[in-house]
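Undergrad: Predicted structure and sequence below. I'll ask about it afterward.
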Amino acid sequence: MKARLARDIAAQAAGGAVLGAIVGAAGGIVGGKVGATSSTGWGDLIGSIAGGVLGYVAGCVAGIVAVSALLKRGGSLLRAIAGAVGGFVVVLAVIEPLRLNQHTALLWASIAGVPGILALVGFNWQSLAGRDRVDRRHTDPGTTLDTSTEDPNS
């Protein structure tokens with residue numbers, strides 16, 4: 001069962017990364033167009049970066065949810081969104097203390113990795129904590145889920 005969970009999470013991570021890259025690229029293009037209307041001259045660059053990063057974070061969540069739906073695996077959309085947003089906020093909060101602004105490769109890896117990983121953990125929280133009813137049903141062969149509403153003592 002753990003092998004199935006690991007395989008499903010790996011597929012969700014791949015789906016989140018791919019859809020995150022696609023939506024992030026689209027967000028960067030749209031952000032650049034919106035930012036080009038700025039009078040400072042830097043608006044297109046700032047808009048592209050902001051649109052790309054926000055698009056990537058949104059795309060990660062969308063990719064995780066989409067792959068999960070294809071695999072018929074449940075999860076928490078709200079926890080995935082909270083994980084992605086929280087991960088992005090954490091990275092923004094530690095840029096200066098950890099001097100990530102001096103190590104751009106590590107900075108971009110953190111921006112790309114932390115929100116996606118926390119979205120993945122948030123989405124699969126019940127399964128990772130061992131409280132996923134669907135997963136427990138499959139661990140005991142021969143057990144069935146009784147959905148009857150009749151009183152067994154009658």
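TA: Cool, got the structure.
Undergrad: contacts and neighbour counts: CA atoms only from here.
TA: OK.
Undergrad: State the helix or strand in which Val91 lies.
TA: Secondary structure assignment for Val91, by DSSP states H and E: helix 77-94.
Undergrad: middle-most residue in this protein, spatially?
TA: Centre of the chain computed as the mean C-alpha position; nearest residue by CA atoms, centre = their mean is Ala119, 3.3 Å away.
Undergrad: can you list the residues that contact the helix holding Val91?
TA: If you take CA atoms under 8 Å, 6 or more residues apart in numbering as the criterion, helix 77-94 is touched by 57-58, 60-61, 65, 100, 110-111, 114-123, 125.
Undergrad: C-terminal to it, what's the next element?
TA: With elements assigned by DSSP H and E, the helix or strand that comes after helix 77-94 is helix 104-123.
Undergrad: Next, the angle helix 77-94 makes with that following helix.
TA: If you take axes from the mean of the first three to the mean of the last three CA atoms, to 10 degrees, helix 104-123 sits at 150 degrees to helix 77-94.
Undergrad: can you pull the buried residues of helix 104-123?
TA: Buried positions in helix 104-123, judged by neighbour count with 16 or more other CA atoms under 10 Å: 107, 110-123.
Undergrad: chain center to stretch 57-77, what's the gap?
TA: Averaging C-alpha coordinates over stretch 57-77 and over its chain gives two centres that are 8 Å apart (CA atoms, centre = their mean, to the nearest Å).
Undergrad: same question for it, mean pLDDT?
TA: Averaging the model's pLDDT scores along stretch 57-77 yields 93.
Undergrad: List the buried residues of it.
TA: For stretch 57-77, the buried set under the neighbour-count rule, 16+ other CA under 10 Å, comprises 57-68, 73, 75-77.
Undergrad: Tell me which two of the residues you listed sit farthest apart.
TA: Val57 and Arg73 (21.1 Å; CA to CA).
Undergrad: coming back round to it: how close does the residue nearest to the centre of the chain get to Pro97?
TA: For Ala119, the distance to Pro97 equals 24 Å [CA to CA, to the nearest Å].
Undergrad: related to what we said a few turns ago, the residue nearest to the centre of the chain touches Val61, doesn't it?
TA: Yes. Contact criterion CA atoms under 8 Å: Ala119 and Val61 qualify, at 6.4 Å.
Undergrad: so where's the protein shaky on pLDDT?
TA: Across the chain, the stretches falling below the confidence threshold (pLDDT under 70) are 1, 132-154.
Undergrad: could you point out which element follows the lengthiest helix in it?
TA: Across the chain, the longest stretch assigned as helix under DSSP state H is helix 2-35. Per DSSP H and E, helix 2-35 leads on to helix 43-70 as the next helix or strand towards the C-terminus.
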